[in-house]
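> One predicted model, sequence on top.
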Amino acid sequence: MTTSSPATQESTAASESAAPTVTAETIAGIAVENRTIAGPHGAVPLRIYRPSGEATGQGLVWLHGGGFWAGDLDMPEGDWVARSFAARGIVVVSVDYRLAPQAADDGSGHDGVHYPVASQEVAFAFGWAVASGLANGAWALGGASAGGNLAAGATLRLMAEGGPVPALDLLAYPTLLAIQPAPDSGLRAALDADPDSDRFGPDPVRAMYENYLDAPAESADLMAAPGLATTSDLAEFPPTIMINGEVDELRVSGEVFAATLRAAGRDIQVLTEAGTGHGYLNRPDEPAATVSIDRYAARIHSLPAPA
């Protein structure tokens, strides 16, 4: 489908900010509102979290994970994470981007869409958020796992198409390569010692991306697999904080991307959260989940006001 660039879409976004609210509630002082905007491929549901009390004026567009084919705004990686940021004074727009076809036959399947639909929707939603007036400070863009891929890829898309570029990228245990390199000996030993965490080797990752792309993994461009980016592609990439799981093979792709950002002279902070496996933001009872939220929130709070 041919769409206008995010720069053009941003002007449309301002008018969409008045779209009808579907539901609204206030829980623990955080105002939560479900809203739908008219995106490049049709309606895009959003959930907006407004903090109570002293707000920073900064905003975050957030993307849950789920292998590009699963996940929703209600999962902890969506709702708990967004509420946690809002509790720290940050306005959050959580995006219910369109999903790829069901990748597992569990009876709950959906028809799905393929790349670049979700990527274009995320870029559009970020432009909408910047123009919405919901926050008067800087806007960050972030996500977990496949959501981290979409955040990094949408940032590259916004850079290429002239849209508003995030002031900060937040990447939580992202998957960033369709063809995943082998882990080093230390990570391989940790995975061998924890078979339940050994779920994201090259074959499952290839299958996930080919379901997302509807094409061979080798066909992925850098907006679908940001780990392919070169130093020249990343010469203007925004400051980035990435936190990986300790026993998680997907961190190999995140480390490749971080190394390229570093070689490009960009501001990149990479941490490995001790004692974690993949998807730990979906397990709020694990102390590491809150530790990571605090790390991310501190970086958002440190953003300078827009010029």
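In hand now; what should we look at? All figures in this text were calculated on a predicted structure; none of them were measured in a lab.

> Strands of this structure, residue ranges please.
21-27, 30-39, 42-50, 59-63, 91-95, 139-144, 168-172, 240-247, 268-277 (DSSP state E).

> Turn these into a markdown table, including mean neighbour count.
Placement of C-beta: from N, CA and C, glycine included. Below are the strands of the chain laid out as a markdown table (neighbours: other Cβ atoms under 10 Å):
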| stretch | mean neighbour count |
| --- | --- |
| strand 21-27 | 10 |
| strand 30-39 | 19 |
| strand 42-50 | 19 |
| strand 59-63 | 29 |
| strand 91-95 | 28 |
| strand 139-144 | 30 |
| strand 168-172 | 27 |
| strand 240-247 | 23 |
| strand 268-277 | 17 |
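
> Turn the ones you listed into TSV, columns for distance to Ser185 and mean pLDDT.
Conversion of the strands of the chain to TSV gives the following (distance: least, Cβ to Cβ, whole Å; pLDDT from 0 to 100):
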stretch	distance to Ser185	mean pLDDT
strand 21-27	47	58
strand 30-39	45	96
strand 42-50	42	97
strand 59-63	33	98
strand 91-95	38	98
strand 139-144	27	98
strand 168-172	25	98
strand 240-247	14	98
strand 268-277	16	97
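
> now these in JSON lines, with distance to Gly78?
Putting these into JSON lines (distance: least, Cβ to Cβ, whole Å) gives the following:
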{"stretch": "strand 21-27", "distance to Gly78": "15"}
{"stretch": "strand 30-39", "distance to Gly78": "12"}
{"stretch": "strand 42-50", "distance to Gly78": "8"}
{"stretch": "strand 59-63", "distance to Gly78": "7"}
{"stretch": "strand 91-95", "distance to Gly78": "6"}
{"stretch": "strand 139-144", "distance to Gly78": "9"}
{"stretch": "strand 168-172", "distance to Gly78": "12"}
{"stretch": "strand 240-247", "distance to Gly78": "17"}
{"stretch": "strand 268-277", "distance to Gly78": "19"}
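
> Quick check: which of the ones you listed is nearest to Val113?
Nearest to Val113 among the strands of the chain is strand 42-50 (10.1 Å), distances taken as Cβ to Cβ.

> can you give me the angle the closest one makes with strand 59-63?
Using axes from the mean of the first three to the mean of the last three Cα atoms, to 10 degrees, the direction of strand 42-50 lies 130 degrees away from that of strand 59-63.
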